[in-house]
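Asks: could you work out the structure for the sequence below:
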Amino acid sequence: MTRSDRPTIRDVARAAGVSKGTVSFALNGRPGVAAETRQRILDAAEALGWTPSHQGRALSVSRAFAVGIVLARPPELLGADPFFPAFIAGVERTLSERGQALVLQVVPDDEEEAGYRRLADAKRVDGVFLLDLRVHDPRIALLRELKMPAVTIARPDLPSDFPALLVDDRPGIAAAVRHLVELGHRRIAHVAGPARFLHGTVRRLAWEQALGEAGLPADAVVEADFSAAGGAQATRELLTSDPRPTAIVYANDLMAIAGLSVALEHGVAVPAQLSVTGFDNTELAGYVAPPLTSVRTDPYLWGREAATALLDLIAGAAGGDIPVPPTELVIRASTAAPPS
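Replies: Down below sits the predicted model:
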């Protein structure tokens, strides 16, 4: 039987007519589940042939009832980037429903591996979320070595046994480029995220591919760091280039909103002289002037789904990858036809 064929906690919950949280509590012997319900769940698990994974069995003896996130980013960027609060809120909502806790470590780049090792050695968490995937991410091998259950946010670009939230940024970036091409733009630049981050590289490659399909050059790109300051500096570089782009596709909303301010600083009207698109469709995107065309994602939902998948994995389910709704473009007033 392949991993994808094995019954999961979702299957047991469906057969027993209860929630996945109740199944997890029952299978782990936690209080709060009526004896009759517990027996119904056990009977359903037996009928389906459900068995816990080796990781889950090993952890069942000693559980921390907590999961972890290690983030190698400056603390001030976490406060400014709306993605992380939304994702963590989704995680916390699911954890609170299941009687679990979240351990968050924000560390410098050179201490990231040590952060994971501390969590594992102290047995502070039963599993972790892997965010900010790197190109050829070395943390996959590290977590395998530590025998630490994990859920990755997006599918890594190297072999991984861990369940992945199937986040795909490419359709959203492609839609943004097509929208600009249909408006008549022929000089479309990109302010990219760091190339070492997988999502930074994926968004840049999607921009390049969409321009290539339109028969347009993909030669106006500046790499930034997902911060407002980085987005502002990249925008200044593009607006002083020759020829100047008529549209800029940003890798996140934070950099795009900073870009709107820089355009004003340079006397460039948006969208009359420059069209701008963001990514993440943060709440602020609809309230800046002009309102920002952006790619809608749902980090709160991602947090909820990732937390559910990780707790299922910890409980012993052989969880597969987790689908999420595709990204989509939300068109607002920051995009228009290029100047004549």
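Asks: all contacts plus neighbour counts: C-alpha atoms, from now on.
Replies: Will do.
Asks: list the contacts of P75.
Replies: The contact partners of P75, by CA atoms under 8 Å, 6 or more residues apart in numbering, come to V106.
Asks: which stretches in this structure count as strands?
Replies: Counting by DSSP state E, the chain has these strands, from start to end: 66-71, 101-106, 128-130, 150-153, 164-166, 188-192, 221-223, 247-250, 275-280, 293-296, 322-323, 328-330.
Asks: what are the pairing partners of the fifth one, and which direction each?
Replies: I take that to be strand 164-166. Using DSSP bridges, the strands paired with strand 164-166 are strand 150-153 (parallel), strand 322-323 (parallel).
Asks: for the first one, list the C-alpha coordinates in CSV.
Replies: What follows is strand 150-153, C-alpha atoms only, in CSV (Å, rounded to 0.1, in the frame of the first residue of the first chain):
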residue,chain,number,x,y,z
ALA,A,150,6.9,18.5,9.9
VAL,A,151,4.6,20.1,7.4
THR,A,152,6.2,22.3,4.7
ILE,A,153,4.4,25.4,3.4
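Asks: got the contact list for that strand?
Replies: So strand 150-153 is in contact with 127-133, 143, 162-167, 306, 309-310, going by CA under 8 Å, 6+ apart.
Asks: rerun that using 10 Å as the cut-off
Replies: Outside strand 150-153, the residues within contact range by CA atoms under 10 Å, 6 or more residues apart in numbering are 67-68, 126-133, 140, 143-144, 160-168, 302-303, 306-311, 313-314, 319-322.
Asks: where along the stretch 51-200 of the chain do the helices fall?
Replies: Taking DSSP state H, counting those that start in this stretch, the helices of the stretch 51-200 of the chain run over residues 54-60, 75-80, 83-97, 112-121, 139-146, 170-183, 198-213.
Asks: just to revisit the earlier point, I'd like the strands of the chain as a markdown table, with mean pLDDT appended.
Replies: Output for those, formatted as a markdown table (pLDDT from 0 to 100):
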| stretch | mean pLDDT |
| --- | --- |
| strand 66-71 | 95 |
| strand 101-106 | 93 |
| strand 128-130 | 98 |
| strand 150-153 | 97 |
| strand 164-166 | 97 |
| strand 188-192 | 98 |
| strand 221-223 | 98 |
| strand 247-250 | 98 |
| strand 275-280 | 98 |
| strand 293-296 | 98 |
| strand 322-323 | 94 |
| strand 328-330 | 96 |
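Asks: I'd like the ones you listed as CSV, with mean neighbour count and distance to A114 appended.
Replies: Shown next, in CSV, are the strands of the chain (neighbours: other CA atoms under 10 Å; distance: least, CA to CA, whole Å):
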stretch, mean neighbour count, distance to A114
strand 66-71, 21, 10
strand 101-106, 16, 11
strand 128-130, 23, 14
strand 150-153, 24, 17
strand 164-166, 21, 23
strand 188-192, 27, 29
strand 221-223, 19, 28
strand 247-250, 29, 33
strand 275-280, 29, 31
strand 293-296, 25, 34
strand 322-323, 16, 28
strand 328-330, 21, 37
